[in-house]
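With the input below, show me the fold.
(one chain, ligands or ions: 1)
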Amino acid sequence: MTEKSKPSPKTQKMLSTEPYKGVRDFYPEDLFIQNYIFNIWRKTAESFGYVEYSASILESAELYRAKSGEEIINEQTYTFIDRGDREVTLRPEMTPTVARMVAGKRRELAFPLRWYSIPNVFRYERPQRGRLREHWQLNVDLFGVEKNAAEIELITLAHQIMKNFGAQESDFEIRISSRKLLNAIFNDWYELTETQSHALQKLIDRKNKMDADTFSEEAEKIVGKAFSFLDFGAKDGNHSAEAEQAIAFPDIRAAKEELDEVMTALQNNGIKNVVLDQELIRGFDYYTGIVFEVFDKNPENNRSLFGGGRYDELLSLFGHEKVAAVGFGMGDVTIANFLETRNLLPIYKSPVKVAIISTGISAENLDQADAYIQKVSTALRHSNISTVSFLNDKKNIGDQIKTADRQHIPYVIIIGPDEIAGEILTIKKLSTGEEKKTPLSSLAEIILYLLPEK
Ligand code: HAM
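So this is what the prediction gives:
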């Protein structure tokens, strides 16, 4: 490019400061919220005996083809060809990865396994409230337990997470359903083929995206006659006449009994906000039994917060015997929206406790001042008090205090020629303006003064 044809700085297109569409930057205050959410997730999962694992964001694309569901594969993955001609996908969810990991070491691992992870996952979706192209997702999974004690434990854990965030039971609802029950109804009651069942499942999964008439018409096309969900009533024994007849089929009865058992056990555990919702199906093809989803009950944000279920067949895709598996995934975006609408998010607190600022230091005293600041900050850090020095910034003292305040640092230590000469310190608590002078030798006293804000 000749000198002449080079774009001048004025005509050159400025780079955008926006992040890539549908992903977020985390400024310190955003990361503070995210860490708060992660900490509650970690603490709750570990309190139930779950241990953390992790894996790479990159997976071979074929991992998702078998069982994730067409929408995710065809429309929602970020897939590319690497330099070695391999088809690579940025993980859109963690379940296939953890299934691969468990299947790969199934002989060495001691079952039952209780594992959790907080991966970031990528889905090419239309960005909107609650839906982004990258989100972090708590995954909690239990491997090797066939009994429905596994579902009960996971739903109890999910409920405990909500309580640990400060939510009331009236704020959310746990909807529960069973793929096994639905499949038994499709097979025995409606006598559908596997292809018809699969098509009907997919239609039910999209039910809330269409009006009731369209759903009925589409369902009738698949089933060959009018389709409706069987009315099992709110409680045992209140079945409609049709449901009463259907329940005579052993598979339908067994699946319904299993659902009832899980719901009763949860209620006995003190979880009162569980409801049966046969229309709940969940998108992924790998679910085989009970599925559940937690809904926000705020009418303005009436959406699914998270969900999961049993997927006993997924691990056999790796060519080995079956391994029972139940788990759920909970996204950071949906939970943050839930907490925000209910004022349950914490107020930002800086991890930095003290800013050391200096004032009135002449050029010839700079070295001496630096040495004194070093001495003070080292002593504070040795006492585990996070301390920053503004490095003899030229700003006047008022501006330095403002900076500390805007950075949410609760205390400043002011050092001037008098403080250096007398080996003393002036501490100011910014929330009240209260000031205290103390000799450096009584650092313990200073620390005690600082501790209440910790
Ligand atoms: P999922 O329902 O696809 O399940 O995602 C779980 C949760 O991740 C959702 O309920 C929502 O909180 C969040 N989420 C999903 N997509 C987005 C998005 N585009 N933007 C923001 N948040 C999102 C699964 O992924 C299963 N693998 C969960 C599981 C684990 N099943 C068994 N174990």
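
alpha carbons only for contacts and neighbour counts from here, please
OK.

got the contact list for residue 118?
The neighbours of residue 118, taking C-alpha atoms under 8 Å, 6 or more residues apart in numbering as the test, are 38, 54, 136, 137, 138, 139.

Which one (most neighbours) among those?
With neighbours defined as other C-alpha atoms under 10 Å, the most crowded of the contacts of residue 118 is residue 139; it has 25 neighbours.

need the contact list for it.
Applying C-alpha under 8 Å, 6+ apart to residue 139 gives the contacts 94, 95, 116, 117, 118, 119, 327, 328, 329, 330.

so which of those residues are also by the ligand?
94, 95, 327, 328, 329, 330 (C-alpha under 6 Å from any ligand atom).

Am I right that the fifth one sits in a strand?
Yes - residue assignment for residue 329, taken from DSSP: H, G, I helix; E, B strand; the rest coil, places it within a strand.

So which bits of the stretch 201-350 of the chain are right by the ligand?
304-309, 327-331, 333-334.

at 5 Å instead, please
305, 306, 308, 327, 328, 329, 330, 331 (C-alpha under 5 Å from any ligand atom).

Surely the first one touches residue 294?
In other words, residue 305. Yes - assessed by C-alpha atoms under 8 Å, residue 305 is found in contact with residue 294 at 5.4 Å.

how close does residue 23 sit to the ligand?
In this view, residue 23 and the ligand are 9 Å apart by C-alpha to the nearest ligand atom, to the nearest Å.

got the buried residues for stretch 40-49?
Going by neighbour count (16 or more other C-alpha atoms under 10 Å), the buried part of stretch 40-49 is 40, 41, 42, 44, 45.

State the distance from the first one to the ligand.
From residue 40 across to the ligand, the span is 15 Å (C-alpha to the nearest ligand atom).

same check, this time on the second one
When C-alpha to the nearest ligand atom is applied, the distance between residue 41 and the ligand equals 13 Å.

Wait, a helix at that residue?
Yes - checked against three-state DSSP, residue 41 lies within a helix.

and the closest residue to it other than its chain neighbours, helix, strand or coil?
Distance criterion C-alpha to C-alpha, 6 or more residues apart in numbering; nearest residue to residue 41, sequence neighbours excluded, is residue 161 at 6.6 Å. Under three-state DSSP, the three-state class of residue 161 is helix.

need the next SSE after the helix or strand bottoming out on mean pLDDT in the chain, C-terminal direction.
Every helix and strand of the chain was ranked by mean pLDDT, DSSP states H and E. The lowest is helix 70, at a mean of 63. Per DSSP states H and E, the first helix or strand lying C-terminal to helix 70 is strand 78-81.

helices and strands around that following strand, which ones?
Here strand 78-81 touches strand 87-90, going by 3 or more C-alpha pairs under 8 Å, 6 or more residues apart in numbering; DSSP states H and E.

Just read off the phi/psi values of the residue in the stretch 51-200 of the chain that the ligand sits nearest to.
At 3.4 Å from the ligand, residue 131 is the closest residue in the stretch 51-200 of the chain, using C-alpha to the nearest ligand atom. Backbone geometry at residue 131, expressed as degrees, to the nearest 10, gives phi -130, psi 120.

Contact partners for it?
125, 333, 334.

Redo those as CSV? Include neighbour count, distance to residue 386 and pLDDT.
Formatted as CSV, the contacts of residue 131 follow (neighbours: other C-alpha atoms under 10 Å; distance: C-alpha to C-alpha, whole Å; pLDDT from 0 to 100):
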residue, neighbour count, distance to residue 386, pLDDT
125, 15, 41, 93
333, 18, 30, 97
334, 21, 33, 95
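
would you turn those residues into a markdown table with secondary structure?
Listed next are those as a markdown table, based on three-state DSSP:
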| residue | secondary structure |
| --- | --- |
| 125 | coil |
| 333 | helix |
| 334 | helix |
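
Sort out which one of the residues you listed lies nearest residue 245 for me.
Closest approach to residue 245 among the contacts of residue 131 (C-alpha to C-alpha): residue 334, at 40.4 Å.

list the contacts for the closest one?
Each residue near residue 334 by C-alpha under 8 Å, 6+ apart is listed here: 130, 131, 304, 305, 306.

Helix, strand, or coil at residue 271?
With three-state DSSP as the basis, residue 271 sits in coil.

Name whatever forms a beta bridge with whatever residue of the stretch 201-350 of the chain ends up closest to the ligand.
Residue nearest to the ligand within the stretch 201-350 of the chain: residue 306 (3.1 Å; C-alpha to the nearest ligand atom). Judged by DSSP bridges, the bridge partners of residue 306 are residue 294, residue 330.

what's the neighbour count on it?
Quick note: residue 306 (other C-alpha under 10 Å) scores 21 neighbours.

For residue 436, see how far away it is.
From residue 306 across to residue 436, the span is 50 Å (C-alpha to C-alpha, to the nearest Å).

ditto for residue 349
Taken as C-alpha to C-alpha, the span from residue 349 to residue 436 is 23 Å.

Quick one: mean pLDDT for stretch 371-378?
The average pLDDT within stretch 371-378 is 93.

which residues touch that stretch?
Contacts of stretch 371-378 (C-alpha under 8 Å, 6+ apart): 356, 387, 388, 389, 415, 420, 440.

which parts of it are buried?
Here stretch 371-378 shows 372, 373, 376, 377 as buried, counting by 16+ other C-alpha under 10 Å.

Of those residues, which is the nearest to the ligand?
When these are compared against the ligand (criterion: C-alpha to the nearest ligand atom), the nearest one is residue 377, at 42.1 Å.

ok so, going back, now for the contacts of residue 334: which two are most distant?
Maximum distance among the contacts of residue 334 (C-alpha to C-alpha): 12.1 Å, for 131 and 306.

what sits against residue 134?
22, 23, 24, 120, 121, 122, 123.

Tell me the spacing between the second one and residue 272.
Taking C-alpha to C-alpha as the criterion, residue 23 is separated from residue 272 by 36 Å.

Then the last one?
Summarising the geometry, the distance separating residue 123 from residue 272, computed by C-alpha to C-alpha, is 34 Å.

which one of the two has more residues nearby?
Counted by other C-alpha under 10 Å, residue 123 and residue 272 do not tie: residue 123 has more neighbours, with 22 against 15.

ok, residue 335 touching residue 305?
Yes - using C-alpha under 8 Å, residue 335 is in contact with residue 305, at 6.3 Å.

Of the two, which one has the most company?
Neighbours per residue (other C-alpha under 10 Å) separate residue 335 from residue 305, with residue 305 holding more: 24 against 18.

For this protein, list the residue farthest from the centre, please.
Most distant from the centre of the chain: residue 364, at 54.3 Å, with distances by C-alpha atoms, centre = their mean.
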